[in-house]
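Novice: would you be able to build a 3D model of this:
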Amino acid sequence: MKKNTIMEQLRSVKVEWKMLGDVAIIYGGLTGKCKTDFEKGNAKYITYKNIFDHIQVNQDILETVNVLPTEKQHIVKYGDVLFTGSSETADESGMSCAVTTIFDEPIYLNSFSFGVRFNNDIKMMPEFSKFLFRSNFMRKQIIKTASGVTRFNVSKERFKKIKIPIPPLEIQKNIVKILDKLTELEATLEATLEAELSLRKKQYEYYRNALLTFEQDLDRGGWKNNHFFCKELVWRKLGEVSKYSQTRISFNLLDEKNYVGVDNLLQNRAGKTLSNYVPTSGSFTEYQQDDILIGNIRPYLKKIWQADCTGGTNGDVLVIHTIDKNVHSRYLYQILADDKFFAFNMQNAKGTKMPRGNKNAILQYEFPIPDLQTQQKIVEILDKFDCLTNSITEGLPKEIELRRKQYEYYREQLLTFPKDI
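Specialist: Numbers count the residues shown, from 1 in each chain. This is a model prediction of the structure:
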């Protein structure tokens with residue numbers, strides 16, 4: 001059945017809207033468990049992460065827990081919908097995961113989640129539930145049931161008042177058929193694009209390494225790499241051509257666009273995301289346009305960005321400012337984005353639990369500096385790779401994002417029902 005035909009039916013079909021508490025019961029996860037119960041378990045349970053990461057339970061990644069025959073624990077059943085009970089943000093609270101498998105043994109639920117089981121007289125396909133409770137309009141309702149400050153918890157009483165649509169089974173089956181097919185197509189296409197993106201990243205890394213590696217050419221009296229020959233080349237330490245930022249910027253000059261924490265620097269990419277945190281007091285390390293920002297705490301040592309504005313950051317990020325006019329700032333960025341520098345930084349990192357980059361050692365990193373004309377040529381080549389590989393407005397990442405939005409659009413259209421409540 002074509003999507004348009006289904007959508008036409010949805011505009012006229014009679015859909016019941018019910019409060020969740022009127023059509024289902026809510027049950028909790030495992031209780032009375034301690035650390036040792038999870039060391040050598042005799043039964044399987046569904047983890048928080050399994051629920052958070054999947055719209056339907058992945059039975060291949062169940063973990064074990066010790067459950068005695070005398071214990072009264074809730075057993076997960078086919079048709080249940082599982083929800084995470086809390087999260088660090090309201091937007092990620094109450095993530096759903098449907099049970100679309102009939103288990104041949106008792107399966108339990110982790111203690112940080114809860115389950116919803118529909119009454120016997122309610123016709124709700126679990127294959128339909130997996131899409132329904134992840135739809136935008138349902139997520140908006142679920143998010144409103146969570147409250148908190150540093151951690152958000154779902155209120156079961158508010159959760160019971162969520163209103164859900166219950167379309168006829170035939171409509172549910174047709175919607176599931178279409179969305180399953182779209183999911184399959186999206187996954188296949190996305191896997192293909194991700195594989196291509198991975199190859200392009202490897203190609204980018206290969207050329208960066210080749211272009212930044214020079215050896216002496218005694219026959220011609222100069223230096224060469226796989227692409228260029230130059231007469232002039234010197235080896236310098238990072239501390240000889242750059243310095244760490246020594247200026248401060250006040251919090252009132254910062255917002256989500258120009259405040260940078262290690263969390264919103266992108267991994268090994270020339271960019272950043274908007275910051276979820278904006279400081280409300282104090283002063284911070286200032287960065288200026290063209291300065292290079294590098295993550296200074298594991299596992300973020302490979303995060304790097306060349307600033308396109310002025311802003312501020314904290315102690316988890318190093319700000320490197322070029323001071324030598326014979327060094328192209330973009331060339332220095334490519335040097336510091338190279339795997340050779342990352343390996344050097346990792347080798348010299350200090351600490352055990354959360355090692356930090358050794359600021360003094362980093363300044364001792366030595367690298368080749370050809371003449372400015374050769375630097376410019378290298379930068380032009382690598383920037384093309386960077387654009388194709390990483391830009392959100394060009395290349396494969398944009399294509400992947402467009403496919404996700406296309407899938408989400410059709411999903412929301414198919415899950416939009418007449419609402420007379």
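Novice: which secondary element of this structure has the worst mean pLDDT?
Specialist: Scoring the helices and strands of the chain by mean pLDDT, DSSP states H and E places helix 3-12 at the bottom, with a mean of 61.
Novice: quick one: low-confidence parts of the stretch 251-400 of the chain?
Specialist: 268-270, 352-354, 390-396 (pLDDT under 70).
Novice: quick one, helices of it?
Specialist: Counting by DSSP state H, counting those that start in this stretch, the stretch 251-400 of the chain has helices at residues 329-337, 339-348, 359-362, 372-390, 395-414.
Novice: how about the stretch 101-250 of the chain?
Specialist: 126-132, 136-143, 156-159, 169-211, 238-241.
Novice: what number of residues lie near residue 121?
Specialist: Look at residue 121: counted by other C-beta atoms under 10 Å, it has 6 neighbours. No exception for glycine: its C-beta is placed from N, CA and C like everyone else's.
Novice: pick the most buried one from the helices of the stretch 251-400 of the chain.
Specialist: helix 329-337 (a mean of 23; mean count of other C-beta atoms under 10 Å).
Novice: show me what that one is in contact with.
Specialist: 208, 211-212, 241-242, 268, 270, 290, 292, 294, 304, 306, 320, 322, 341, 367, 369, 375-376, 378-379, 382-383 (C-beta atoms under 8 Å, 6 or more residues apart in numbering).
Novice: next one: it to chain centre, how far?
Specialist: 25 Å (C-alpha atoms, centre = their mean, to the nearest Å).
Novice: just stretch 116-134 next, same as before
Specialist: 28 Å.
Novice: go on, stretch 174-184?
Specialist: Worked out by C-alpha atoms, centre = their mean, stretch 174-184 lies 25 Å from the chain centre.
Novice: now it: mean pLDDT?
Specialist: If you average the pLDDT over stretch 174-184, you get 90.
Novice: do stretch 58-77 as well
Specialist: pLDDT averaged over stretch 58-77 gives 94.
Novice: now swap in stretch 221-234 and tell me
Specialist: On average, stretch 221-234 scores 87.
Novice: return the distance of the closest residue to residue 128 other than its chain neighbours relative to residue 123.
Specialist: In space, and not counting its chain neighbours, residue 128 is closest to residue 172: 4.1 Å by C-beta to C-beta, 6 or more residues apart in numbering. Taking C-beta to C-beta, to the nearest Å as the criterion, residue 172 is separated from residue 123 by 8 Å.
Novice: so what pairs up with residue 369 in the strands?
Specialist: residue 234 (DSSP bridges).
Novice: just give me the neighbour total for it.
Specialist: Count around residue 369 with other C-beta under 10 Å applied: 22.
Novice: residue 34 too?
Specialist: For residue 34, using other C-beta under 10 Å, the count is 8.
Novice: try residue 206
Specialist: By other C-beta under 10 Å, the burial measure for residue 206, its neighbour count, is 12.
Novice: with residue 305 instead?
Specialist: By other C-beta under 10 Å, the residues close to residue 305 number 22.
Novice: other residues contacting stretch 104-114?
Specialist: So stretch 104-114 is contacted by 26-31, 33, 43-48, 51, 62, 65, 67, 73-76, 82-86, 115, 154, 156 (C-beta under 8 Å, 6+ apart).
Novice: no no, stretch 366-385
Specialist: Contacts of stretch 366-385 (C-beta under 8 Å, 6+ apart): 200, 203-204, 207-208, 211-214, 223, 227-228, 230-238, 241, 326-328, 330-331, 334-335, 341.
Novice: nothing else from me, thank you.
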